[in-house]
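A.B. asks: Any chance you can model this:
(2 chains)
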Amino acid sequence: MRNVPRLKWPALASLLLFTSDVLACPMCHTGTGKAVRAGIFAGGDFLFNLFVVLAPFPVLALIVRWIHNGPPAFLARFQKAETQSPDEVATVHEIERVKGYGDAS
Amino acid sequence: MATHLNFRPLVAAGTVLGIGMGGFADGIFLHQILQVHNMLSGKRFPDTLVNAEINMFWDGLFHAFTWTATLIGLYLLWKAVNRADVPRSGRALVGSMVFGWGVFNLVEGIIDHQILGVHNVIQRAPQPAQLYWDLAFLAFGGVLMIVLGRHQIRKAKMEIGEIKSGSRIHRAA
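C.D. replies: You can find the predicted model right below:
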């Protein structure tokens, strides 16, 4: 173990001289770069991975559209029917008042 | 003066900004600084240089879309503040950004973590702990932030409604 410091510099030099090129960007023309490129684009994985990465965004866009423009047409119709009910209640109150049931005050 | 105040454009702009900022927060803190997961770490665990580089590519693409969402949010905000009927409420904007961040976490958590299984919140965690982290992310990062954001939006609507109707002025007098 005492020889370790003496071996440090030769070990470092041999690492620099004899290890393979580690440039690994998808555009690098090295072995690792080619492997990265193949991992991204080769096979049928690219389109599936693209779908996976983008999958939340259409759902988020729909939610934002709902916030900005209101609910979709089929739900809006449903909500419209709901919002009409207070008018109907008002009409019922009028009927009750006319008939003498309500509005005791 | 506009008689009917419309919060929708402001809330939509804030929500899109929150989605963008939420995506950036996820990408910067969880993918890059803490490195607890990457975009495809469920499929290609980044334990080799090649897998780490492949994950970096898909993380970058994800960031490109969160950047686009932020840009769209800025455009919507610019359009909103130039409308006379949209109130310029800081509370509503911050609330809708928190809401948008929560929506992003909830949608991304359900689709990517639970349905597609492309990554989990803590990829290196063993199986039961992984699920607990995922559920905690959905509860605190998703539902809680949505509730907090919505609460702030409602509070802003109530405040502006009170100012508009003059009840605050009556109370002060």
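
A.B. asks: can you give me the helices in chain A?
C.D. replies: A:4-18, A:31-41, A:45-54, A:56-69, A:73-99 (DSSP state H).

A.B. asks: should've said chain B
C.D. replies: B:8-25, B:49-81, B:90-108, B:127-136, B:145-165, B:167-172.

A.B. asks: pLDDT wise, what is residue 1 at?
C.D. replies: Because you didn't say which chain, this covers chain A. The model reports A:M1 with a pLDDT of 54.

A.B. asks: other chain: chain B
C.D. replies: Reported pLDDT for B:M1: 48.

A.B. asks: check contacts around the residue in chain B that chain A sits nearest to.
C.D. replies: For chain B and chain A, the shortest gap (Cβ to the nearest Cβ) falls at B:A12, measuring 3.7 Å. All C-beta atoms are positioned from the backbone trio N, CA, C, and that covers glycine. Applying Cβ atoms under 8 Å, 6 or more residues apart in numbering or on different chains, we find B:A12 in contact with A:V64, A:I67, A:H68, B:L76, B:A80, B:S96.

A.B. asks: and the last one, how many neighbours?
C.D. replies: Neighbours of B:S96 under the rule other Cβ atoms under 10 Å in any protein chain shown: 30.

A.B. asks: returning to what we had before: tell me which two in the contacts of B:A12 are the farthest apart.
C.D. replies: Within the contacts of B:A12, two members stand farthest from each other by Cβ to Cβ: A:V64 and B:A80, at 12.6 Å.

A.B. asks: residues from chain A in reach of chain B?
C.D. replies: A:22, A:24-26, A:32, A:35-36, A:39-40, A:49-50, A:52-57, A:59-60, A:63-64, A:67-70 (Cβ under 8 Å from any Cβ of the partner chain).

A.B. asks: For chain B, what lies in contact range of chain A?
C.D. replies: Listed as neighbours of chain A in chain B under the rule Cβ under 8 Å from any Cβ: B:8-9, B:11-12, B:15-16, B:19, B:39-40, B:43-44, B:49-51, B:53-54, B:57-58, B:61-62, B:65, B:69, B:76, B:103-104, B:107-108, B:111-112, B:116, B:118.

A.B. asks: and the closest residue in space to B:G27 that isn't next to it in sequence, what does it touch?
C.D. replies: Of all residues not flanking B:G27 in the chain, B:H63 sits nearest, at 5.1 Å (Cβ to Cβ, 6 or more residues apart in numbering or on different chains). Going by Cβ under 8 Å, 6+ apart, B:H63 touches B:G23, B:F24, B:G27.

A.B. asks: how about a markdown table for these, with pLDDT added?
C.D. replies: What follows is the contacts of B:H63, written out as a markdown table (pLDDT from 0 to 100):
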| residue | pLDDT |
| --- | --- |
| B:G23 | 95 |
| B:F24 | 95 |
| B:G27 | 94 |
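
A.B. asks: Could you list the low-pLDDT ranges of chain B?
C.D. replies: Where chain B drops to pLDDT under 70, the residues are B:1-3, B:162-173.
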